[in-house]
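> Okay, predicted coordinates and the sequence, questions at the end:
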Amino acid sequence: MSLVFKDEPNNKMTARTQVIVWLYQISDQYKLRRFGNIIYFSRKNKYVVLYVSSEYAPKVIAELKSKNYVQSVETSKTDELDFSAEHEEKMMRELKEEAEKLREENEDLRV
């Protein structure tokens, strides 16, 4: 019995960039399939979230901006977020200190 996916050293995940495309009409979402993988689309707000190879992202964004059915294009800020354990611990410590400070300031307001 063989595996469907064989984990080999030369199989590398390509870096991807999340691109948010705002459309004039949501029916134009089908035209975006050739630019990348559509992950989500909102009928109400008329936008599409798609993943594009990071290598080609600037080129794809420039091409999308030139299309007449595209209102605007922006890259997602998720790549800039820090999800490391050290960062989370630092944020929790800062929140704890801030909460303790507010508690001490409002101690006289307690009944």
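Sure thing, it's come through. Residues are numbered from 1 along each chain as shown.
> contacting residues around the longest helix seen in the chain?
Ranked by number of residues, the top helix in the chain under DSSP state H is helix 85-105. Surrounding helix 85-105, not a single residue is in contact under the criterion C-beta atoms under 8 Å, 6 or more residues apart in numbering. Heads up, the C-betas are built off the backbone N, CA and C, glycines and all.
> Just the helices from this protein, written as ranges.
Going by DSSP H, the chain shows helices at 57-65, 85-105.
> Give the other helices and strands that the first one contacts.
Other helices and strands packing on helix 57-65, by 3 or more C-beta pairs under 8 Å, 6 or more residues apart in numbering; DSSP states H and E, are strand 16-23, strand 70-75.
> Please produce JSON lines containing those, extended by mean pLDDT and distance to residue 96.
JSON lines is the format used below for the helices and strands packed on helix 57-65 (pLDDT from 0 to 100; distance: least, C-beta to C-beta, whole Å):
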{"stretch": "strand 16-23", "mean pLDDT": "93", "distance to residue 96": "32"}
{"stretch": "strand 70-75", "mean pLDDT": "94", "distance to residue 96": "33"}
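> Would you map out the domains in the protein?
Following automatic domain parsing, one gets these domains for the chain: 16-80, 82-111.
> Report the buried residues of the longest helix of the chain.
For helix 85-105, a neighbour-count test (16 or more other C-beta atoms under 10 Å) marks nothing as buried.
> average pLDDT across it?
Model confidence over helix 85-105, given as mean pLDDT, is 91.
> cool, stretch 26-46 as well?
pLDDT averaged over stretch 26-46 gives 92.
> any residues touching it, and which ones?
Applying C-beta under 8 Å, 6+ apart, the contact partners of stretch 26-46 are 18-19, 21-25, 47-53, 60, 63-64, 67, 69-71.
> one step back: could you say which of the domains of the chain is packed most deeply?
Ranked by mean neighbour count, the domains of the chain are led by domain 16-80 with a mean of 15 (mean count of other C-beta atoms under 10 Å).
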